[in-house]
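[1] got a sequence here, can you build the structure:
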Amino acid sequence: MSVVANGPHARLAELGLELPEVVPPVASYLPAVQSGQHVYVSGQLPMVEGKLLATGKVGAGVSAEQAKQLAQRCALNALAAIDSLVGLENVVKVVKLTGFVASASGFTGQPGVINGASDLFGTVFGEAGRHARSAVGVAELPLDAPVEVEVIVEVS
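    Just a heads-up that it's a prediction; the model follows:
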């Protein structure tokens, strides 16, 4: 695959990041689905080679900074799902990102945690990576993951 000089693959390479294999679903769903000119990416966990990088609650056992890095991993997994379905070079706009943070009681730093994902999309796609967003604190996530990220992108 050729890499466009300023394309998303080149930007990932500049960051020292490689797209991983698409994370296999842990239940009955697809990693990503295209409908019209949008790709809807299922919630992505911070998994590497089939294993969670961390488990537990943010603010109790998982630091906010560690969770921010985990959110970036979720975003990288989302990019892999998009690339395998339509190719990153076909992304016109990151439309919406929803981030879920398994939060300890009293933890209110969800927006900072989800910046790990938002910042990666901004770096990879530039202005087209700026998006609407929700950052939500939840009691539990699948497999005891600290963070989960889902995304909607517009494609050409």
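[2] pLDDT weak spots in the protein?
    1-5 (pLDDT under 70).
[3] that one: strands as residue ranges?
    32-35, 38-44, 47-48, 51-52, 57-58, 61-62, 91-102, 132-138, 147-155 (DSSP state E).
[4] can you list the residues that contact the second one?
    Outside of strand 38-44, the residues that reach it under the criterion Cβ atoms under 8 Å, 6 or more residues apart in numbering are 23, 25, 29-34, 74-75, 77-78, 81-82, 85-86, 95, 100, 142, 148-155. Where C-beta positions appear, they are placed from N, C-alpha and C, glycine not excepted.
[5] for ChimeraX, what selects the buried ones among those residues?
    In ChimeraX, this line selects whichever of the contacts of strand 38-44 come out buried by 16 or more other Cβ atoms under 10 Å:
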select :23,31,32,74,75,77,78,81,82,85,86,95,100,148,149,150,151,152,153,155
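[6] report the central residue of the chain.
    Closest to where the C-alpha atoms of the chain average out (Cα atoms, centre = their mean) is residue 75, at 1.9 Å.
[7] neighbours of the nearest residue to it once chain neighbours are set aside, how many?
    Nearest non-adjacent residue to residue 75, counting by Cβ to Cβ, 6 or more residues apart in numbering: residue 117, 3.8 Å away. If you count neighbours by other Cβ atoms under 10 Å, residue 117 ends up with 31.
[8] which residues touch residue 133?
    96, 97, 98, 99, 114, 118.
[9] how close does the residue nearest to the centre of the chain sit to residue 104?
    23 Å (Cβ to Cβ, to the nearest Å).
[10] one more: residue 22?
    31 Å.
[11] higher neighbour count, those two?
    residue 22 (18 against 15).
[12] ok, that one - contacts?
    31, 77, 80, 81, 84.
[13] distance from the chain centre to stretch 146-156, please.
    6 Å (Cα atoms, centre = their mean, to the nearest Å).
[14] ditto for stretch 75-92
    Distance, stretch centre to chain centre, for stretch 75-92: 11 Å (Cα atoms, centre = their mean).
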